[in-house]
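> Predicted model follows, preceded by the sequence.
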Amino acid sequence: MASPRRLAAILAADVAGYSRLMGTDEEGTHERLKAHLQELVNPKIAEHRGRVVKNTGDGFLAEFKSVVDAVRCAVEVQRGMAERNADARPEKRIEFRIGINLGDVIVEEHDIFGDGVNVAARLEALAEPGGIYVSRMVRDNVRDKVVYVFEDLGEQQVKNIARPVRVYRVSDRAAEVAGATVPSVSSISQTVIAPRLSIVVLPFTNLSHVPDQQYFADGITEDLTTELSRLENMFVISRNTAFTYRNQPIGTKQIGRELGVRYVLEGSVRRLGNQVRVNAQLIDAETDAHLWAERFDGDTEDLFMLQDEVTRRIAFALDVQLINAEATRKIDDPDALDCILRGRAAEAKPPTRDTYAEAIAGSSEHWRLIQDLPRRRASWQMCWWVGCSIK
């Protein structure tokens, strides 16, 4: 007997930058997320006559009989999250991305299936932290029943959905109409401060005409992820998470927002006869600017040796490039790690009177900051290390 079907409004949500949050504070993140779900999300879903279909580790899937209830619930959840995050440090904030779709679903005891669910999940993946994205079906059904504004983002081609999806961003203007001070959804999205030396190595593309050469490109990706993880103060997204972006037409800025990283490394591998060429590019995820690019050529007589050599050279180059990029980044409120990064950048330059003076000046400035700001005094040893290491 076939499973029953019904029309439902599907709400899909997940936590933006969840891997980064767990990597920084696993137990704290788990407890904060659990509290948000129990104290805000679940009560709001029940209040709007919905039900939680399942939790997905870093998010949840819910269904509603009314699409109006689904949209209202999403807006109130995002309002509530903005209030709960108001006093939290930016790197500790848990922010949901929400997608809503209206469609026919297959119903089982503890789950729902179908294109209606898949589209909701894809809309959620497109949304920015704190944002709500809905399909055209949702917009058409609620536009005259709520005071929210629907910003047309055009048609988007999303993974595993044959037809383009018309996407709308929801902006909550109810607070403005009522003269209230409740933050609107359009202003809920906070800028997530990614760790300074944070990076994801995207799967390298196999440009060879032979599909079975993909293993070499994947090997480069995995080895680079491992090597970069060994660098001091480096935060690297796991291989399993990075590989979910294979062959997806997603921009670098969105990847940076989703994973909470400052840098993206991408590249390609091309093999022709006994020769292999590896291209690599380092991109600033905030500005989408290319910071560094290099090409590596080698012979395939010993593939493992070639793979190790290419990986080592890229990792070394990236260490230097990332340190330089962070050392030159403008910081309004510098701390001890800034001092370390600037010291390491100065140390990497040719030893001259100017570079020595640059390092000493930076160290002196941070000594002043430490003395002025008591909260930094616990890190004074790190600043002393910079002054000594460059001599």
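Received the coordinates, thanks.
> Grab the most central residue of the protein for me.
Geometric centre of the chain, nearest residue: residue 259, 1.9 Å, by CA atoms, centre = their mean.
> Hmm, that residue is touching residue 21, no?
No: the pair residue 259 and residue 21 fails to qualify as a contact (CB atoms under 8 Å) at a distance of 10.6 Å. C-beta: built from backbone N, CA, C; applies to glycine.
> residues contacting residue 115?
Contacts were defined as CB atoms under 8 Å, 6 or more residues apart in numbering; by that measure residue 115 touches 103, 161.
> ignore the last one, residue 306
Counted by CB under 8 Å, 6+ apart, residue 306 has contacts 276, 298, 299, 300.
> ok, how many other residues are close to the first one?
Neighbouring residues of residue 276 were enumerated by other CB atoms under 10 Å; the total is 22.
> quick one: the closest residue in space to residue 246 that isn't next to it in sequence and residue 91, what's the gap?
Distances taken as CB to CB, 6 or more residues apart in numbering put residue 203 closest to residue 246, at 4.4 Å, once the chain neighbours are dropped. As judged by CB to CB, to the nearest Å, residue 203 and residue 91 stand 27 Å apart.
> doesn't residue 296 make contact with residue 310?
Yes: between residue 310 and residue 296 there is a contact under CB under 8 Å: 4.9 Å.
> Now for those two: what residues contact both?
The contact lists of residue 310 and residue 296 share residue 278, where a contact means CB under 8 Å, 6+ apart.
> In terms of neighbours, single out the busier of those two.
When residue 310 and residue 296 are compared for neighbours, residue 310 comes out ahead with 24 against 19, by other CB under 10 Å.
> do you know how far that one is from residue 316?
Taken as CB to CB, the span from residue 310 to residue 316 is 11 Å.
> Also residue 52?
Taking CB to CB, one finds residue 52 at 48 Å from residue 316.
> More neighbours: these two, which one.
Each of residue 52 and residue 316 has its neighbours counted (other CB under 10 Å); residue 52 has more, 15 against 12.
> Between residue 203 and residue 91, which is the more surrounded one?
Higher neighbour count among residue 203 and residue 91: residue 203, with 21 against 15, using other CB under 10 Å.
> who are the neighbours in contact with the more buried one?
Counted by CB under 8 Å, 6+ apart, residue 203 has contacts 217, 218, 221, 242, 243, 245, 246.
> swap the cut-off to 7 Å and go again
218, 221, 242, 243, 246 (CB atoms under 7 Å, 6 or more residues apart in numbering).
> Quickly find the element holding the third one.
Looking back up the chat, that one is residue 242. If you go by DSSP states H and E, residue 242 is part of helix 239-242.
> The closest residue to residue 20 other than its chain neighbours: neighbour count?
Closest residue to residue 20 apart from its sequence neighbours, by CB to CB, 6+ apart: residue 260 at 3.5 Å. Residue 260: 25 surrounding residues under other CB under 10 Å.
> you'd agree residue 260 is up against residue 23?
No: the criterion here is CB atoms under 7 Å, and residue 260 misses it with residue 23 at 9.1 Å.
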